[in-house]
Structure formats: structure tokens, C-alpha cells
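Trainee: The amino acid sequence is not available; the structure is as follows:
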């Protein structure tokens, strides 16, 4: 029962990402080229909704937000690995799983 709500939210989020076109290689490329801002707008909206949700849950005591110190070297290395993978594959990890779920051959 503890997993039901996250699964429902995940399916809903995946459906909305599919409708926005976040699993289409051409849309991702156009977003990176700043020609089509639909995906970045969607991402900013989801970050804002998540931030409001987490801080609201924190304010009423349902979750605790434990901040950890930044490790700049690890962050830079992780960003480099992510960026190289994104550039080579044309997908980030989340969109590659969604594209694979839609049956896109280039995401496999």
C-alpha cells in the first residue's frame, strides 16, 4: 500500500511527459537548441510544484529535509558523465526509459 501512491504519480507524470513530447528525440534536440521551449517550461513547472509540495509537507511535519554538504568535485564529475551520456545518446536517463516504454528503437 505504501507504493501505490508513488506508482500512480509516476504513471501520471510519465503520461504527461509523453503528451508534452519529452520522449521525442527531435523535441529534446529542439529544446537544447532553444527552438522549442515546451519541455523546459514543463520541467520548470514540475520543479516549482515539487518545491512547493516538499516545503508544504515539511512545514506540517510529514517530511524532514536533511541538507548535505556540496562536494564540488563529485558534482562536476557527475555532470560531465551525465552530459557526455546525454550528448551521445540524445536522451537523459529518465527520457530514455520513457522512450523505451513507447517502443522507440533509438532509446534501447
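Mentor: Structure received. Just so we're clear, the structure is a prediction, and the values are computed from it rather than from any experiment.

Trainee: How many residues are close by residue 17?
Mentor: Applying other Cβ atoms under 10 Å, we find 19 residues neighbouring residue 17. All C-beta atoms are positioned from the backbone trio N, CA, C, and that covers glycine.

Trainee: Can you classify it by secondary structure?
Mentor: Using DSSP: H, G, I helix; E, B strand; the rest coil, the secondary structure recorded for residue 17 is helix.

Trainee: pLDDT score for it?
Mentor: Residue-level confidence at residue 17 comes out at 91, pLDDT.

Trainee: Might one say that it is in contact with residue 23?
Mentor: Yes - judged on Cβ atoms under 8 Å, residue 17 makes contact with residue 23 at a distance of 6.6 Å.

Trainee: got any residues that touch both of the two?
Mentor: 95, 98 (Cβ atoms under 8 Å, 6 or more residues apart in numbering).

Trainee: Contacts for stretch 99-108, please.
Mentor: Stretch 99-108 has contacts (Cβ under 8 Å, 6+ apart) with 14, 18, 23-25, 89-91, 95-97.
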